[in-house]
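> Prediction below, plus the sequence it came from.
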Amino acid sequence: MKKITLLLSVLLIAVGLIAQDGAAPLSKGDKQLNFGLGFSGRGIPAYVGMDFAVHNDWTVGPVVKVVIDDDFGFGLLGRFDYHWNRLIGIPSNWDFYAGASLGFISGDNFDLDLGIQVGGRWYWSDKWGLNLEFGGGTGYGTSIGVSMKL
C-alpha cells in the first residue's frame with residue numbers, strides 16, 4: 001500500500017510540475033474542425049463536426065455521423081463541452097473536456113440520440129491535434145480522430 005501511495009504522489013507532483021500554464025486550447029471566437037472514426041454496437045461511425053468557442057472554457061457545435069455497416073445510418077446532433085484546461089492548469093497543447101449531446105440517429109427509423117462524452121486532445125502543432133473521446137448514451141460511443149484549428 002505504501003508503494004502505491006508513493007507512486008501516486010510522485011505522479012501527481014510530476015503532472016503538477018509539467019502542467020503550469022493552464023491556457024485554453026481555443027479562445028472565445030475560435031473554431032476547429034473534428035473528424036474521425038468511432039466504435040459502437042451499431043457499426044463503425046465516421047464523423048465530422050465543428051467546435052465553436054463561445055467562451056474560453058465552453059464550446060458548442062454540430063456533428064454529423066455516418067454509420068459504415070450493412071445498413072446505412074446517419075446521425076445529426078448538437079453538442080456542448082466544458083474544457084477543463086484553465087481550471088486544472090494543464091498546458092494549451094493538451095485539452096481535457098466533458099459535455100453532452102442531443103440529436104437524432106437513423107436506421108430503420110429515427111431515434112433520439114442523447115449522450116454524454118469525456119475526451120482528450122493533444123495538439124502536435126499550432127493547428128493539428130489527435131482526439132480520443134469516450135461517450136455513453138443512446139447514440140454512438142468511443143471515437144478517435146483528428147482536430148484542425150481554423
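Arrived safely. Numbers count the residues shown, from 1 in each chain.

> What's the per-residue pLDDT of the residue positioned nearest the centre of the chain here?
Centroid-nearest residue in the chain, with Cα atoms, centre = their mean: residue 119, separated by 4.0 Å. Looking at residue 119, its pLDDT is 95.

> again with residue 26
Listed pLDDT for residue 26 reads 85.

> wait, it sits on residue 83?
Yes. Using Cβ atoms under 8 Å, residue 26 is in contact with residue 83, at 7.3 Å. Backbone N, C-alpha and C define where each C-beta goes, glycine included.

> Hmm, residue 121 is touching residue 93, no?
No. Between residue 121 and residue 93 no contact is recorded; they are 9.1 Å apart, counting by Cβ under 8 Å.

> Show me where the protein has its strands.
31-38, 44-53, 58-68, 73-83, 94-105, 111-123, 128-137, 143-149 (DSSP state E).

> Run through the neighbouring helices and strands of the second one.
Pointing back at strand 44-53 there. Under the contact criterion of 3 or more Cβ pairs under 8 Å, 6 or more residues apart in numbering; DSSP states H and E, strand 44-53 touches strand 31-38, strand 58-68, strand 73-83, strand 143-149.
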